[in-house]
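A.B. asks: heads up, no residue letters with this:
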């Protein structure tokens, strides 16, 4: 069994986000395979420890993995679901652009 490194995980997530031409089924299949490899206890969610397991003792890799985990953890409950892994995270801190329609000027 090949080791699944955190670098491969980052590449896979980025690839899924940047390749809109992939069919929805292909994206779901890739996300499911990646999810299953990381979900070592098969409980249906990925903890931070599971996500960082392949980092070993490399503090820099663990820090980067932790940052990525937090971006993916949309509901901020400390674990990732397949849906969260499948979604491309929005950058935090960026405000949505709102038009002026509907606002009354006084």
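C.D. replies: Right, received. Where do you want to start? Please read all numbers here as calculations on a predicted model, not as lab measurements. Residues are numbered from 1 along each chain as shown.

A.B. asks: Whichever strand or helix holds residue 69 - contacts with which helices or strands?
C.D. replies: Using DSSP states H and E, residue 69 maps to helix 59-72. Packing contacts for helix 59-72, counted by 3 or more Cβ pairs under 8 Å, 6 or more residues apart in numbering; DSSP states H and E, involve helix 6-18, helix 48-52. Any C-beta I mention is one placed from the backbone N, CA and C, and that applies to glycine too.

A.B. asks: any idea which of the ones you listed scores lowest on pLDDT?
C.D. replies: For the helices and strands packed on helix 59-72, mean pLDDT drops lowest on helix 6-18, to a mean of 65.

A.B. asks: tell me which residues in the helix or strand hosting residue 27 are buried?
C.D. replies: Here residue 27 sits within helix 24-38, counting by DSSP H and E. Using 16 or more other Cβ atoms under 10 Å as the test for burial, helix 24-38 gives 27, 30, 31, 34, 35, 37, 38.

A.B. asks: I'd like to know how many residues surround residue 51.
C.D. replies: Neighbours of residue 51 under the rule other Cβ atoms under 10 Å: 23.

A.B. asks: Skipping adjacent residues, who's closest to it in space?
C.D. replies: The shortest distance from residue 51 to any residue other than its chain neighbours is 4.9 Å, reached at residue 69 (Cβ to Cβ, 6 or more residues apart in numbering).

A.B. asks: Check residue 45 too.
C.D. replies: Among residues not flanking residue 45 along the chain, residue 79 sits closest, at 4.0 Å (Cβ to Cβ, 6+ apart).

A.B. asks: my guess is that neighbour contacts residue 47, does it?
C.D. replies: Yes. Counting by Cβ atoms under 8 Å, residue 79 touches residue 47, with 5.4 Å between them.
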